[in-house]
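> Need the 3D shape of this:
(one chain, ligands or ions: 1)
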Amino acid sequence: MTIVVFGSINLDLVVEVSRLPSKGETVIGNRFFSAAGGKAANQAVAIAKLGTPVSLVGQVGGDRFGQTLLENLSNAGVNIEGVTVNPHTHSGVASIVVDEKGDNTIACAAGANNLVREEEVKKFRGLLSQSKVVLMELGIPLATVLAAAREARANNCFTILDPAPAMSNLPDELYRAIDLITPNEIEASQLVGFTVDGVTTARQAAFCLHQMGVKNVIVTLGSQGAFCSSATDSFWVEPISVSVVDTVAAGDAFNGALAVAIASGKSLAEAVRWGTVAGALAVTKNGAQTSLPNLDRFKQLLAQTFL
Ligand code: RIB
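Modelled structure (predicted):
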């Protein structure tokens with residue numbers, strides 16, 4: 001397998017409304033749908049859809065949702081030998097509200113995701129020996145993420161951390177163990193302790209993250225593009241203008257395509273462009289995995305935009 005993804009698998013329950021509700025308010029929407037989601041599952045599907053072999057390590061519950069999620073992953077071409085079915089809990093569920101502008105709020109019940117333990121990293125470590133890139137997010141316990149990062153390093157894999165859902169005070173060891181971190185504005189703000197809302201503050205955040213021990217930083221800024229920084233270089237990648245329908249999983253599409261580019265030996269600059277193209281395509285469609293681009297759509301926009 002070229003890429004191994006560690007992290008969360010959810011069933012998304014999505015309600016579409018004209019505007020997001022305020023605290024204590026009920027807003028009546030018109031449409032409901034359920035779809036396969038979870039950040040790591042989305043990232044794995046994004047990678048598979050771009051034609052790259054990928055394994056997922058995670059857990060689903062012993063419920064009907066779990067079976068549906070497994071079938072979906074398998075049909076998408078993701079190797080699910082590292083996904084455990086835990087009969088003692090429910091599958092992860094995400095309650096998602098999407099407004100007319102495509103913005104969203106998400107609340108998750110972690111369920112089985114919270115029970116992905118370090119033992120599972122050990123159990124499935126064999127997957128890493130053939131892998132070039134390991135991609136991780138924070139929808140599973142932090143101790144497990146750290147164990148996966150150590151294992152990735154021991155196998156000389158390039159390690160990417162998508163620090164989502166947003167969290168502050170990540171362990172120093174984690175920063176030092178990874179090769180690349182990819183926060184969005186909210187996640188970057190939590191990590192560095194000040195507001196990140198544009199290229200200037202993204203540059204300052206990248207500086208702080210380098211000080212914490214991360215080699216490469218990409219701060220994704222939504223409609224403002226992405227700011228990238230390595231030990232030798234820093235640059236900004238322009239956003240691609242598209243009609244936004246639903247921003248759910250845009251970050252997952254970005255991280256998936258980024259991982260594919262790095263696994264194929266592309267430079268960081270090129271990898272960010274690949275991520276930007278996949279993220280832009282994902283916001284033009286509804287849902288999480290349903291919005292992820294296939295290789296043809298991806299290649300077409302990449303050629304139109306950057307070649
Ligand atoms: O990144 C989008 C994902 O976040 C959704 O699919 C949902 O499951 C939440 O984890």
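> For the rest of this, base every contact and every neighbour count on C-alpha atoms.
OK.
> Was I right to think residue 135 contacts residue 39?
No. Judged on Cα atoms under 8 Å, residue 135 makes no contact with residue 39 at a distance of 10.7 Å.
> ok, now which ones touch the closest residue to residue 87 other than its chain neighbours?
For residue 87, ignoring the flanking residues on the chain, the nearest one in space by Cα to Cα, 6 or more residues apart in numbering is residue 62 at 4.0 Å. Contact partners of residue 62, counting by Cα atoms under 8 Å, 6 or more residues apart in numbering, are 85-91.
> separation between residue 70 and the ligand?
14 Å (Cα to the nearest ligand atom, to the nearest Å).
> Mind checking what secondary structure that residue has?
With DSSP: H, G, I helix; E, B strand; the rest coil as the basis, residue 70 sits in helix.
> Now do it: how many residues are near it, please.
If you count neighbours by other Cα atoms under 10 Å, residue 70 ends up with 22.
> neighbours around the closest residue in space to it that isn't next to it in sequence, how many?
The shortest distance from residue 70 to any non-neighbouring residue, by Cα to Cα, 6+ apart, is to residue 80 (7.4 Å). Neighbours of residue 80 under the rule other Cα under 10 Å: 17.
> Show the model's pLDDT score for residue 80.
For residue 80, the pLDDT comes out at 98.
> name the helices or strands packed onto the helix or strand containing it?
In this structure, residue 80 is located in strand 79-86 according to DSSP states H and E. The helices and strands touching strand 79-86, judged by 3 or more Cα pairs under 8 Å, 6 or more residues apart in numbering; DSSP states H and E, are strand 54-61, helix 64-75.
> got the angle between the first one and helix 64-75?
Between the axis of strand 54-61 and that of helix 64-75 there is an angle of 170 degrees, by axes from the mean of the first three to the mean of the last three Cα atoms, to 10 degrees.
> May I have the strands that pair with strand 54-61, each with its orientation?
strand 3-6 (parallel), strand 79-86 (parallel) (DSSP bridges).
> Pick the most buried one from those.
Most buried of those by mean neighbour count (mean count of other Cα atoms under 10 Å) is strand 3-6; its value is a mean of 29.
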